[in-house]
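Chemist: Here is the input, now give the coordinates:
(2 chains)
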Amino acid sequence: MSVALRLGYVPLLDAAPLIVAEAMGFAEEEGLHFDLHAAPSWASLRDMLALGQVEAAHMLAPLPVAMALGLGRSPARFEALSVLNLNGNVIGVSLDLAARMRAAGHGFDFADAYTAGRALLAAARTLRIGVPFAFSMHRELLQYWLGALGAEAALLDIRTVPPPLMAQALAAGEIDAFCVGEPWGSVAVETGAGVLLLPAAAIWASAPEKVLATRAGWAEAEPRMAGRLLRALWRAGRWLGDVGNHMVASELLTASGRLAVPSEVIERALSGRLVISADGAERITKGLIRFHGGAAGFPWRSQAAWIGVALARRHGLAVEAASTVAAGVFRADLYRTHLRAAGADLPSASAKLEGALDAPTAVATERGSLILPADRFFDARIFDPSLPVC
Amino acid sequence: MKQRLSIIVVEKDRDRAMLIVDGLRDAGDFDVMVIAEETGLARRIAQRNPDLVLIDAGNPSRDVLEELALATAPTERPVAMFVDQSDGSLTKAAIEAGMSAYVVDGLRADRIKPILDAAIARFHMLQKMRIELSETRRALEERKVIDRAKGILMRARGIGEEDAYALLRKTAMDQGRKLAEVAQALVMTADLLK
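Modeler: Sure, this is the predicted structure:
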């Protein structure tokens, strides 16, 4: 007899590990039944988790960090037990802006963040950009990208637009561009509202996107439950990471009724073959979204520190203290405890230089070695979590 | 301070909005305004500078209000916060009723409580109406499917309506399934064979 565990999610492609773990029996193997609750907004999901309506949730990686820093509403303390996926966001522009960029000679290669960013800033004096939430990688990556290219903060108006309304807002001329998770970027292309400019992975090749969040202390109070949950999700991620399963996964996600998008659109994102414009132009991106491989699920403390530093800079908090607090939100220690026996790749260190790897590189693990994927930033800067002020 | 509190209700559906507004009127003398448009929500609210914003917790635009809460400097208004954190039971009651409330910081809890109590009561009513509506709809849907299944059986086997219904019911009982499920399966199969 399996035990029910209540989990919350927002209907997005990267909620896939939760849906797949239940549908493919990975939860059942661990004696669990996932009682999945869809949330209409991130604010709702945060409140559901804070008030104990769910035990764990699919969550924007910066949200638990922002809460630990006391930014926005923080009804409770959360922590991240694992990273559910790396990357998965896309940046798109309005038809009007795309036409101006093309006229100026931009080729829409959907790969080079330098040329895309320069072309974008050259084509518009001011930019109104939609993101799903104030505390999201969407927002952090945009800020990092356009900031590094010298965009004046005053000319950037980054505002919240709920993902299901993103294409509509673009078509209505309320925003000029967006950064959103799949499938909503493809939906903007399908509805003829916009053109895709860049995968967010071109800004940071291994950005933590969603995490598995719980109330702080839950995993230690319920170690058996936490272990079973982490293992079920890890196996679901491994299944999703297998190219051979992409078609089945797409069908399954649509058929489950949990993502109201055609399976064909989901498969494009899983396989990294996105249609970027209404004329059907296709671009292939390696690592558009990653669920597994290269310790993708490992909650690196340095990832949390990067987020904490970015948030602290924008909101005027003390940077060093923010970096330390943030790093503690990603529970690499618990991940090790619960996934060691399952055979997950566990690196020897819990923090790394972020952005140091230009190509896949072997690093030491607890038992041998593992290949980490490239994790460079588009501007080749390296983030050293031990020197957050630099 | 005897100033009337200003309240914004974010609600697209006119009837539902009216119901909430009526409830608030009964609770006291407030300056209530309804915003039905989702576009430019943050701007509209900022212009109005209300003491309190009420929004359906199921509304995806809630995330827009979160940003509003953050973007404003602590010295300016409105600094929106969720239902006062000091009163956990009120927050819980609001969420269970499907309501989110954004309260301007510094508004005294005793002034907020009667408003929220009234709003929560109305949201409970709305929730009940929603459930009833969906149940009525489902019942109607099931009736339609059963009627179609009966029609298919009558034509295929040359039997009367009552016999067709009896056959459906017997099949459902034998298989331990609901009548509507058996009817649905039959209609789907018939569609496939067309």
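
Chemist: where along the stretch 1-150 of chain A do the strands fall?
Modeler: Remark: strands assigned in the stretch 1-150 of chain A by DSSP state E, counting those that start in this stretch are A:3-9, A:32-38, A:56-60, A:78-87, A:89-94, A:127-131.

Chemist: To A:Glu251, which of those strands lies closest?
Modeler: strand A:32-38 (18.1 Å; C-beta to C-beta). No exception for glycine: its C-beta is placed from N, CA and C like everyone else's.

Chemist: contacting residues around the residue minimising distance to the centre of chain B?
Modeler: Chain B has B:Gln127 as the residue nearest its centroid, 5.7 Å off, counting by C-alpha atoms, centre = their mean. By C-beta atoms under 8 Å, 6 or more residues apart in numbering or on different chains, the contact set of B:Gln127 is B:Ala97, B:Gly98.

Chemist: what helix or strand is it on?
Modeler: Counting by DSSP states H and E, the element that carries B:Gln127 is helix B:109-157.

Chemist: how does chain A divide into domains?
Modeler: A:3-85+A:209-257+A:293-345, A:89-206+A:269-290 (automatic domain parsing).

Chemist: Ends of the first one, what's the gap?
Modeler: This points to domain A:3-85+A:209-257+A:293-345. 27 Å (C-alpha to C-alpha, to the nearest Å).

Chemist: likewise the last one?
Modeler: By C-alpha to C-alpha, the extent of domain A:89-206+A:269-290 from end to end equals 11 Å.

Chemist: Export the domains of chain A as JSON lines, with columns for mean pLDDT, distance to chain B and mean neighbour count.
Modeler: Converted to JSON lines, those look like this (pLDDT from 0 to 100; distance: least, C-beta to the nearest C-beta, whole Å; neighbours: other C-beta atoms under 10 Å in any protein chain shown):
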{"stretch": "domain A:3-85+A:209-257+A:293-345", "mean pLDDT": "94", "distance to chain B": "4", "mean neighbour count": "21"}
{"stretch": "domain A:89-206+A:269-290", "mean pLDDT": "95", "distance to chain B": "4", "mean neighbour count": "20"}
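
Chemist: Need the strands of the stretch 1-150 of chain A in JSON lines (columns: distance to A:Asp279).
Modeler: What follows is the strands of the stretch 1-150 of chain A, written out as JSON lines (distance: least, C-beta to C-beta, whole Å):
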{"stretch": "strand A:3-9", "distance to A:Asp279": "34"}
{"stretch": "strand A:32-38", "distance to A:Asp279": "34"}
{"stretch": "strand A:56-60", "distance to A:Asp279": "33"}
{"stretch": "strand A:78-87", "distance to A:Asp279": "25"}
{"stretch": "strand A:89-94", "distance to A:Asp279": "15"}
{"stretch": "strand A:127-131", "distance to A:Asp279": "23"}
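
Chemist: so which of those gets nearest B:Asp26?
Modeler: strand A:32-38 (33.1 Å).

Chemist: Need the CA coordinates for the closest one. PDB is fine.
Modeler: The C-alpha trace of strand A:32-38 is given here as PDB (Å, rounded to 0.1, in the frame of the first residue of the first chain):
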ATOM      1  CA  LEU A  32       4.600   6.600  -2.700                       C
ATOM      2  CA  HIS A  33       1.500   7.900  -4.500                       C
ATOM      3  CA  PHE A  34       2.000  11.500  -5.700                       C
ATOM      4  CA  ASP A  35      -1.100  13.600  -5.000                       C
ATOM      5  CA  LEU A  36      -0.400  16.400  -7.500                       C
ATOM      6  CA  HIS A  37      -1.900  19.800  -7.100                       C
ATOM      7  CA  ALA A  38      -1.600  22.400 -10.000                       C
END
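
Chemist: backbone phi and psi for the spatially closest residue to A:Arg301 that is not a sequence neighbour, please?
Modeler: Nearest residue to A:Arg301, sequence neighbours excluded (C-beta to C-beta, 6 or more residues apart in numbering or on different chains): A:Ala327, at 4.0 Å. Backbone geometry at A:Ala327, expressed as degrees, to the nearest 10, gives phi -60, psi -30.

Chemist: how many neighbours does B:Val21 have?
Modeler: 18 (other C-beta atoms under 10 Å in any protein chain shown).

Chemist: helix, strand or coil for it?
Modeler: Here B:Val21 is recorded as helix under DSSP: H, G, I helix; E, B strand; the rest coil.

Chemist: quick one, what contacts the nearest residue to it once chain neighbours are set aside?
Modeler: Leaving out its chain neighbours, the residue that sits closest to B:Val21 by C-beta to C-beta, 6+ apart is B:Val32, at 5.3 Å. Contact analysis of B:Val32 by C-beta under 8 Å, 6+ apart lists B:Ser6, B:Ile7, B:Ile8, B:Val9, B:Val21, B:Leu24, B:Arg25.

Chemist: likewise A:Met48?
Modeler: A:Gly8, A:His37, A:Ala39, A:Val54, A:Ala57, B:Ile95.

Chemist: Take the residues you listed and lay them out in a markdown table including distance to B:Leu192.
Modeler: What follows is these, written out as a markdown table (distance: C-beta to C-beta, whole Å):
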| residue | distance to B:Leu192 |
| --- | --- |
| A:Gly8 | 37 |
| A:His37 | 34 |
| A:Ala39 | 36 |
| A:Val54 | 39 |
| A:Ala57 | 40 |
| B:Ile95 | 44 |
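
Chemist: Widest-spaced pair of those residues?
Modeler: The largest separation in those, counting by C-beta to C-beta, is between A:Ala57 and B:Ile95 at 14.8 Å.

Chemist: ok, and the helix or strand in chain B with the lowest average confidence?
Modeler: Of all helical and strand segments in chain B, the minimum by mean pLDDT, DSSP states H and E falls on strand B:80-82, at a mean of 46.

Chemist: Which residue would be the closest one in chain B to chain A?
Modeler: B:Pro60 (3.7 Å; C-beta to the nearest C-beta).

Chemist: Does that residue touch A:Trp42 like I think?
Modeler: No. When contacts are counted by C-beta atoms under 8 Å, B:Pro60 is not listed as touching A:Trp42 (9.4 Å).

Chemist: Now do the same contact list for the residue nearest to A:Leu63 when sequence neighbours are not counted.
Modeler: Nearest non-adjacent residue to A:Leu63, counting by C-beta to C-beta, 6+ apart: A:Phe135, 4.8 Å away. Residues counted as contacts of A:Phe135 (C-beta under 8 Å, 6+ apart) are A:Leu60, A:Pro62, A:Leu63, A:Val65, A:Ala66, A:Leu71, A:Gly72, A:Leu311.

Chemist: Show me which of these is closest to A:Thr285.
Modeler: A:Leu60 (21.2 Å).
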